[in-house]
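Asks: Coordinates for the following, if possible.
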Amino acid sequence: MRQHMKDYIEFGHSGAARGVRLLAEYSKATEAFGELTGQPLVTIFGSARLGDGTPAGAAAEELARRCVRAGYGVVTGGSAGVMFTANRGAYEEAQKLGVSVERHSVGCAITLPFEEGGNRFLGTQTDFHYFFIR
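Replies: The predicted structure is shown next:
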């Protein structure tokens, strides 16, 4: 894409710029998930504030491991906390079973100024600006 269009999508604040950005995000997500066609997926929601050392984190990690053993991929928000532990469980279990981590540990990360980026246990990551597209 030409640089001026990238700048327009990234930094434009008009209604038209937002519309273009929405369509671009939707298209990117459709392409990313299109590669997962045929892969059954389970979404695990959870707090970025609860993770390692908490009952919620341990439960998310075990649930993700069981999902991968049952043939499901795991989709999270791709950040810290419960999302991190779920992706870790899915990623490690996929490696243990010798199946694709790209198809079994997926993160749909949101760009927020006060949050860190995606976690290191993502086989596939798609970044979003708008929550409702995510």
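Asks: Excluding chain neighbours, what is closest to the residue nearest in space to the middle of the chain?
Replies: Geometric centre of the chain, nearest residue: G107, 1.5 Å, by Cα atoms, centre = their mean. Once flanking residues are discounted, G107 sits nearest to G78: 2.2 Å by Cβ to Cβ, 6 or more residues apart in numbering. For every residue, glycine as well, the C-beta is placed using N, CA and C.
Asks: Name all residues that make contact with that neighbour.
Replies: Residues in contact with G78 (Cβ atoms under 8 Å, 6 or more residues apart in numbering) are 87, 106-109, 118-119, 122, 125.
Asks: Quick one: the helices in the chain, in order.
Replies: Applying DSSP state H to the chain gives helices spanning 3-11, 15-34, 55-69, 82-97, 101-104.
Asks: Highest mean neighbour count out of these?
Replies: Burial of the helices of the chain is given as mean neighbour count (mean count of other Cβ atoms under 10 Å); helix 82-97 ranks first at a mean of 24.
Asks: Give me the distance from that helix to the chain's centre.
Replies: Computed by Cα atoms, centre = their mean, to the nearest Å, the separation of helix 82-97 from the middle of its chain amounts to 13 Å.
Asks: could you give me the average pLDDT of that helix?
Replies: When pLDDT is averaged over helix 82-97, the result is 96.
Asks: Equivalent analysis for stretch 64-78, please.
Replies: Average pLDDT, stretch 64-78: 95.
Asks: low-scoring stretches of the chain, by residue?
Replies: 1-14, 113-118 (pLDDT under 70).
Asks: If we use 50, what do you get?
Replies: Scanning the chain for pLDDT under 50 picks out 1, 8.
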